[in-house]
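**Student:** Here is the input, now give the coordinates:
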Amino acid sequence: MAPTDWLPARLRDARALTPDIRLLEIEPTGRVAPVPPGSHLGVAVMIGERPDTRSYSLLDSGADGVYRIAVKRLPDSRGGSAYMHGLAPGARLSISGPRNHFGLTLNRPDYLLVAGGIGITPLHAMALALNATGARFRLLYAARRRQDLALADDLRARLGDRLRTFLDEDGERIDLEAAIADLGPGGEAYVCGPYGMMEAARRAWAAAGRPAQGLRFETFGTGGRHATEPFTVRIPRLSKEIVVPRNQTMLEALEAAGVGMIHDCRRGECGLCTVKILGVDGTVDHRDVFFSESQKATNAHLCTCVSRVVGGGITIDTADRAG
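**Tutor:** As a prediction, this is how the structure comes out:
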């Protein structure tokens, strides 16, 4: 389904899973087909007076005609999570998709699923699908505090000892090297969590000599190596200088300034929104999982939907030739 194809829907129910995570049940108008694990739903939101779109991973296949998502209200929210937390049952919504940039490959001999915090959402769907087929897998689920394990009770009841949880407050950490070493030959790993977790998984996977295509990521697009701050984007060809505020992505700021952009996932995964870097007088905080570490090190391109600049500004060129 194209990003511009919107369907009417209704918020059937909503309830708190934790103090800052809310489960939303969305009922589309008309019949819907079950979707594969790893799929995400586009939801039209209002950020102040400005319409926008947010993507949320589906917790299951929606086989019963209901899409379930879990939304964490973030302190650095650009407004989407606050809007979703403010919705009451019965609210009318517009949705697009579902679409999938984080598809689960079936019939592998073994699977390792690694979730950090709200990153459990796509892996919840994967774990349910693998459990239903009798596949061999493990799910490692880390959170800061016990109360942050939003879906652990449900998963434990379904998965038993195939689920292991880890709490920062108890000094527990996932041993990624050991987990990857225990993964059977030909097995695949799927990781969704904070930037640091994904980078650690990438390093451990490479150190183990595993094939790169066997490690898959999904990112929040909300965290990087540096704190979020405003920065300036210059586009000499279009004679534009645009300030990207703290609560807006570079892609959103470019679109608001009338720069024609191509995009899809808005999560740093598909690479469609990349631009060419002509110069930078700060530090590029690459927050995507599209480029490899060696590509990021060259600072030749960046994904505008998630990546930022700290300590200065950036000069770019875009694919827009209409200006």
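
**Student:** was I right about residue 166 contacting residue 175?
**Tutor:** No - at 9.3 Å, residue 166 does not count as touching residue 175 under the criterion of C-beta atoms under 8 Å. In short, each C-beta sits where N, CA and C put it, glycine included.

**Student:** CA atoms of the lengthiest strand in the chain as PDB?
**Tutor:** When the chain is parsed with DSSP state E, its longest strand is strand 7-18. Taking C-alpha atoms only, strand 7-18 is exported to PDB below (Å, rounded to 0.1, in the frame of the first residue of the first chain):
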ATOM      1  CA  LEU A   7      -7.900   4.100   5.700                       C
ATOM      2  CA  PRO A   8     -10.400   5.200   8.400                       C
ATOM      3  CA  ALA A   9     -10.100   3.400  11.700                       C
ATOM      4  CA  ARG A  10     -11.400   3.500  15.200                       C
ATOM      5  CA  LEU A  11      -9.500   3.200  18.500                       C
ATOM      6  CA  ARG A  12     -11.400   0.300  20.000                       C
ATOM      7  CA  ASP A  13      -9.600   0.200  23.400                       C
ATOM      8  CA  ALA A  14      -6.600   1.600  25.200                       C
ATOM      9  CA  ARG A  15      -4.900   0.700  28.500                       C
ATOM     10  CA  ALA A  16      -1.700   1.300  30.400                       C
ATOM     11  CA  LEU A  17       0.900  -1.400  30.300                       C
ATOM     12  CA  THR A  18       3.400   0.600  32.400                       C
END
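
**Student:** and it, which residues are buried?
**Tutor:** Judged by neighbour count (16 or more other C-beta atoms under 10 Å), strand 7-18 contains these buried residues: 9, 11-12, 14, 17-18.

**Student:** what about stretch 85-94, how long is it end to end?
**Tutor:** 16 Å (C-alpha to C-alpha, to the nearest Å).

**Student:** do stretch 175-191 as well
**Tutor:** OK, stretch 175-191 end separation, C-alpha to C-alpha: 14 Å.

**Student:** repeat for stretch 38-55
**Tutor:** 12 Å.

**Student:** Need the buried residues of strand 7-18 in CSV (columns: pLDDT and distance to residue 253).
**Tutor:** Compiled in CSV, the buried residues of strand 7-18 are given as follows (pLDDT from 0 to 100; distance: C-beta to C-beta, whole Å):
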residue, pLDDT, distance to residue 253
9, 97, 29
11, 98, 29
12, 97, 35
14, 97, 31
17, 95, 32
18, 94, 31
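
**Student:** need those in JSON lines with distance to residue 246, can you?
**Tutor:** Shown next, in JSON lines, are those (distance: C-beta to C-beta, whole Å):
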{"residue": "9", "distance to residue 246": "31"}
{"residue": "11", "distance to residue 246": "29"}
{"residue": "12", "distance to residue 246": "34"}
{"residue": "14", "distance to residue 246": "28"}
{"residue": "17", "distance to residue 246": "27"}
{"residue": "18", "distance to residue 246": "25"}
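
**Student:** Of residue 166 and residue 175, give the one with the bigger neighbour count.
**Tutor:** Ranked by neighbour count (other C-beta atoms under 10 Å), residue 166 and residue 175 place residue 166 first, with 17 against 13.

**Student:** measure the more buried one to residue 128 for me?
**Tutor:** Going from residue 166 to residue 128 by C-beta to C-beta, to the nearest Å gives 21 Å.

**Student:** Go ahead and confirm residue 174 touches residue 143.
**Tutor:** No - with contact defined as C-beta under 8 Å, residue 174 does not reach residue 143; the gap is 11.0 Å.

**Student:** Now list whatever residues contact both of these two.
**Tutor:** Counting by C-beta atoms under 8 Å, 6 or more residues apart in numbering, the common neighbours of residue 174 and residue 143 are residue 166.

**Student:** Between those two, which has more neighbouring residues?
**Tutor:** residue 143 (24 against 21).

**Student:** Contact partners for the residue lying closest to the more buried one once chain neighbours are set aside?
**Tutor:** Of all residues not flanking residue 143 in the chain, residue 149 sits nearest, at 4.9 Å (C-beta to C-beta, 6 or more residues apart in numbering). Contact analysis of residue 149 by C-beta under 8 Å, 6+ apart lists 18, 141, 143, 165, 167.

**Student:** go again using 10 Å as the cut-off
**Tutor:** For residue 149, the contacting residues are 17-18, 21, 115, 117, 120, 141-143, 155-156, 165-167, by C-beta atoms under 10 Å, 6 or more residues apart in numbering.

**Student:** Most neighbours among those residues, please name it.
**Tutor:** Compared across the contacts of residue 149, residue 115 has the highest neighbour count, 31 neighbours, by other C-beta under 10 Å.
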